[in-house]
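*Asks:* Any chance you could fold what I've pasted below:
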Amino acid sequence: MSFFARRPTGSPGNGKLDAVHSFRSIAYGIFFLADEGFAQSPTNIFDPAATPAHSAFGLSMLVLSITLVIFLIVAGLLLYALIRYRQRTTDSDREPAQIYGSNQIELSWTVIPILIVVMLFLTTTRVILGTQAIPKPDSAMDVTVIGHQYWWEYRYPKLGIVTANELHIPISNPTKPTPTYLTMSSADVSHSFWVPRLAGKTDLIPNRINTMWIDPQQPGLYLGQCAQYCGIQHAKMLLRVYAQSPEDFASWVNQQKKPALQNFIGNAAAMEGQTVFMHNACINCHTVSGTAATGRFGPDLTHLASRDTIASGPILNTPENLRKWIDDPNSMKPGSLMPAMHLNDHDLNVITAYLTQLH
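*Replies:* Residues are numbered from 1 along each chain as shown. Next up is the predicted model:
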């Protein structure tokens, strides 16, 4: 989608059209410079990487162009009035003649904004309906997304996989589209799924199902954020979307389908840690496949060690951070609903050794 058409080289010019094209070029240049300033940002809205994000980008450029025109006109008139009618030493102190009412001016500032709003409304509607109307291919990947305070649950119904906080999807080849369709709901309060480079925001609302789709064409890590205030730790409810090549995604799927590691021969600490874990309240909230841990209140830990982060993104998944998290989550993420376990140092060490083996 492009809102910046150019006149072919050598074609006859038109004064008004040339002026419009020149302005659009200037506007695009300004936005391009802004884009360059944020080029290193993984959440750069000016660097779309999926079809829905490209549509939103085109619409955003149109809106920014129109608002820039309005700003320049208003600022120009204000500057002209400040200079043209500035106070001079030769001015008398007599109040100038007062003029009230102008049908032309009042019609202008009423009709023009209405036309602009209607045009933006129709354009936005066209983009939304056009994005939603694209048929879902048979090759699409289905993921169920459930928002929790303050983490994300991902379920792959066709693959039998359950994971948390880090969403893995295959890239979509234009010759053989493999978009990912997300079916979203919330387990508690309202959340909002927003990965700026992939698509717009979609709310997760209790007792309601919303859907969206994404189709990144390039492998990489795409970051996002819960965009709906959902509680004290809303700001640390981050999103990490890993777009992978078909081969890498298939490898990840195979690894996720495996049951949790049960044999810790040669690792006495991990073996003891499994026993301690299974005899504590951990199993009431967390699942580790193939064991007595079948809790659903917290994230699935079956392959915890394969994740780059813990606590929904803000903390690197290292043994030191994991130990500190188990000991007192609120020291790292105040307001977290996970209680402090108050384990002794020995139990903390062996449980950490156990969890770091769950690849």
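*Asks:* Buried residues in the host helix or strand of Gln104, which are they?
*Replies:* Assigned by DSSP states H and E, Gln104 falls within helix 103-133. By neighbour count on 16 or more other Cβ atoms under 10 Å, the buried set for helix 103-133 is Thr123, Val127, Thr131. In short, each C-beta sits where N, CA and C put it, glycine included.
*Asks:* May I ask which helix or strand of the protein has the lowest mean pLDDT?
*Replies:* Ranked by mean pLDDT, DSSP states H and E, the helix or strand of the chain with the weakest confidence is helix 15-37, at a mean of 44.
*Asks:* so the helix or strand immediately after it in the chain versus helix 103-133, what angle?
*Replies:* Note on helix 15-37: by DSSP H and E, the next helix or strand toward the C-terminus is helix 51-84. Between the axis of helix 51-84 and that of helix 103-133 there is an angle of 160 degrees, by axes from the mean of the first three to the mean of the last three Cα atoms, to 10 degrees.
*Asks:* Ser192 reaches Ala199, doesn't it?
*Replies:* No - counting by Cβ atoms under 8 Å, Ser192 sits too far from Ala199 to count as a contact (11.8 Å).
*Asks:* These two - which one has more neighbours?
*Replies:* The residue with the greater number of neighbours, taking Ser192 and Ala199 and applying other Cβ atoms under 10 Å, is Ala199; the counts read 27 against 22.
*Asks:* avg pLDDT for stretch 181-194?
*Replies:* Model confidence over stretch 181-194, given as mean pLDDT, is 96.
*Asks:* end to end, how far does that stretch reach?
*Replies:* 14 Å (Cα to Cα, to the nearest Å).
*Asks:* what does stretch 234-252 give?
*Replies:* Taking Cα to Cα, stretch 234-252 runs 29 Å from one end to the other.
*Asks:* buried sites along it?
*Replies:* His234, Lys236, Met237, Leu238, Leu239, Arg240, Val241, Tyr242, Ala243, Gln244, Phe249, Trp252.
*Asks:* mind checking how far the fifth one is from Val162?
*Replies:* For Leu239, the distance to Val162 equals 17 Å [Cβ to Cβ, to the nearest Å].
*Asks:* The first one too?
*Replies:* Counting by Cβ to Cβ, the gap from His234 to Val162 is 24 Å.
*Asks:* what do you get for the fourth one?
*Replies:* Shown here: Leu238 relative to Val162, a distance of 19 Å by Cβ to Cβ.
*Asks:* re earlier: so what secondary structure elements neighbour the helix holding Gln104?
*Replies:* On a contact count with 3 or more Cβ pairs under 8 Å, 6 or more residues apart in numbering; DSSP states H and E, helix 103-133 meets helix 51-84.
*Asks:* Against which helices or strands is the helix it packs on packed?
*Replies:* In terms of contact count using 3+ Cβ pairs under 8 Å, 6+ apart, helix 51-84 is assigned the packing partners helix 15-37, helix 103-133, strand 210-214.
*Asks:* List the pairing partners of the helix or strand following the second one within its sheet, with orientation.
*Replies:* Translated: helix 103-133. Next along the chain after helix 103-133, taking DSSP H and E as the criterion, comes strand 141-148. Next to strand 141-148 in the sheet, as set by DSSP bridges, lie strand 151-156 (antiparallel), strand 180-186 (parallel).
*Asks:* ok now strand 141-148, how far from the chain's centre?
*Replies:* Here strand 141-148 shows a centroid-to-chain-centroid distance of 14 Å under the convention Cα atoms, centre = their mean, to the nearest Å.
*Asks:* re earlier: check the average confidence over the helix holding Gln104, would you?
*Replies:* Per-residue pLDDT values across helix 103-133 average out to 92.
*Asks:* Likewise for stretch 75-82?
*Replies:* On average, the pLDDT along stretch 75-82 is 95.
*Asks:* center of the chain - which residue?
*Replies:* Nearest residue to the geometric centre of the chain (Cα atoms, centre = their mean): Val195, 1.8 Å.
*Asks:* Which neighbouring elements make contact with the helix or strand where Gly224 lies?
*Replies:* Secondary-structure element containing Gly224, defined by DSSP H and E: strand 220-226. Applying 3+ Cβ pairs under 8 Å, 6+ apart, one finds that strand 220-226 makes contact with strand 191-194, strand 238-244.
*Asks:* could those strands go into CSV alongside distance to Val63?
*Replies:* Written out in CSV, the entries for the helices and strands packed on strand 220-226 read as follows (distance: least, Cβ to Cβ, whole Å):
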stretch, distance to Val63
strand 191-194, 18
strand 238-244, 25
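*Asks:* Compare these and report which one is nearest to Lys257.
*Replies:* Minimum separation from Lys257 across the helices and strands packed on strand 220-226 (Cβ to Cβ) falls at strand 238-244, 15.6 Å.
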